[in-house]
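Undergrad: sequence plus the predicted model coming up.
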Amino acid sequence: MQLSLQTPPSPIKTLDQVREVALGCVKCPLSQGRTNVVFGMGNPHAKLMFIGEGPGQTEDETGLPFVGRAGQLLTKIIESVGLSRDNDCYIANVVKCRPPGNRVPTDIEMAECSPYLLEQIACIQPKIIVLVGGTALKGVLGISGPISKIRGRWLETPFNAQAMAIFHPSYLLRNAASVEGTPKWLTWLDMQEIKRVYDTL
Ligand code: SF4
């Protein structure tokens with residue numbers, strides 16, 4: 001199965017139209033256990049888009065992406081380079097409904113949900129896509145492998161945007177040390193590089 005989002009997007013719908021369709025979606029079994037479809041949030045004209053794996057419990061309850069503990073850390077990571085999560089970024093996930101028990105979404109679930117993400121990218125037209133964690137990296141670019149080996153370099157995409165993969169903030173919560181060489185320290189380096197390129201756009 002081809003997992004990566006290879007089709008060059010074309011904005012055939014507005015973001016609100018895509019959201020409306022997604023909010024009623026029952027295309028995959030994740031619809032059965034959800035409280036809310038977590039579509040995405042942020043500036044629809046942002047040059048910078050963060051894409052994560054899928055909603056957790058707090059996200060499912062609120063309908064908003066990255067608002068639990070990991071999300072709060074992501075907000076701090078964004079703010080650490082002087083960017084505003086709400087004004088400078090758009091944030092979404094590969095799957096819009098919470099996998100039970102926070103398991104990793106299956107390839108089929110990611111493939112079923114991919115048209116929504118593709119349309120989001122087409123509408124927003126970000127110049128930089130930050131792939132938050134290994135599942136997002138696999139779901140968007142079809143690249144499997146540890147983030148530790150892939151982070152820190154720019155990746156080509158079919159979306160007229162360059163991408164970088166970073167550690168998922170939930171991983172950073174479990175690895176809280178921030179001295180030189182740790183995942184947290186490396187993420188700070190990655191965000192500085194992302195901001196450096198962002199400032200040239
Ligand atoms: S995860 Fe995506 S494809 Fe599955 S039901 Fe939710 S919106 Fe639809």
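TA: Arrived safely.
Undergrad: report pLDDT for Q2.
TA: Listed pLDDT for Q2 reads 44.
Undergrad: swap in K13?
TA: Per-residue pLDDT puts K13 at 82.
Undergrad: and if you look at the one 5 residues further on?
TA: The per-residue pLDDT reported for V18 equals 95.
Undergrad: counting neighbours, what do you get for it?
TA: 22 (other C-beta atoms under 10 Å). For glycine as for every other residue, the C-beta is placed from the backbone atoms N, C-alpha and C.
Undergrad: tell me the buried residues in the longest helix along the chain?
TA: Ranked by number of residues, the top helix in the chain under DSSP state H is helix 107-124. Using 16 or more other C-beta atoms under 10 Å as the test for burial, helix 107-124 gives 109-124.
Undergrad: dihedrals phi and psi, the residue lying closest to E156 once chain neighbours are set aside?
TA: Take E156 and drop its neighbours on the chain: the residue closest to it by C-beta to C-beta, 6 or more residues apart in numbering is Q162, 6.9 Å away. Main-chain torsions, Q162, degrees, to the nearest 10: phi -100, psi 150.
Undergrad: interface residues of the protein facing the ligand?
TA: Residues of the chain found near the ligand (C-beta under 6 Å from any ligand atom) are 22, 25-28, 30-31, 37, 95-97, 109, 112-113.
Undergrad: what's the spacing between the very next helix or strand once past the longest helix of the chain and its chain's center?
TA: Heading C-terminal from helix 107-124, the first helix or strand you meet, by DSSP states H and E, is strand 128-132. Centroid separation for strand 128-132 versus its chain: 6 Å, with C-alpha atoms, centre = their mean, to the nearest Å.
Undergrad: list the buried residues in the helix or strand hosting E193.
TA: Applying DSSP H and E as the criterion places E193 in helix 183-198. Neighbour-count burial for helix 183-198 flags P183, K184, L186, T187, D190, M191, I194, K195, Y198 (criterion: 16+ other C-beta under 10 Å).
Undergrad: any idea of the mean pLDDT in it?
TA: The average pLDDT within helix 183-198 is 98.
Undergrad: please name the nearest non-neighbouring residue to the residue positioned nearest the centre of the chain.
TA: By C-alpha atoms, centre = their mean, the chain has its centre lying nearest to I51, at 0.9 Å. Closest residue in space to I51, ignoring its immediate chain neighbours: A136 at 4.9 Å, by C-beta to C-beta, 6+ apart.
Undergrad: CA atoms of the longest helix of the chain as PDB?
TA: Written as PDB, here are the backbone C-alpha positions of helix 107-124 (Å, rounded to 0.1, in the frame of the first residue of the first chain):
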ATOM      1  CA  ASP A 107      -2.000   1.900   7.500                       C
ATOM      2  CA  ILE A 108      -5.600   1.500   6.300                       C
ATOM      3  CA  GLU A 109      -6.900   4.200   8.800                       C
ATOM      4  CA  MET A 110      -4.100   6.600   7.700                       C
ATOM      5  CA  ALA A 111      -4.900   5.900   4.000                       C
ATOM      6  CA  GLU A 112      -8.700   6.400   4.600                       C
ATOM      7  CA  CYS A 113      -8.000   9.700   6.300                       C
ATOM      8  CA  SER A 114      -5.400  11.000   3.900                       C
ATOM      9  CA  PRO A 115      -7.700  12.900   1.600                       C
ATOM     10  CA  TYR A 116      -8.600  15.300   4.400                       C
ATOM     11  CA  LEU A 117      -5.000  16.100   5.100                       C
ATOM     12  CA  LEU A 118      -4.200  16.400   1.400                       C
ATOM     13  CA  GLU A 119      -7.000  18.900   1.100                       C
ATOM     14  CA  GLN A 120      -5.800  20.800   4.200                       C
ATOM     15  CA  ILE A 121      -2.400  21.100   2.700                       C
ATOM     16  CA  ALA A 122      -3.900  22.200  -0.600                       C
ATOM     17  CA  CYS A 123      -5.900  24.900   1.000                       C
ATOM     18  CA  ILE A 124      -3.200  26.200   3.400                       C
END
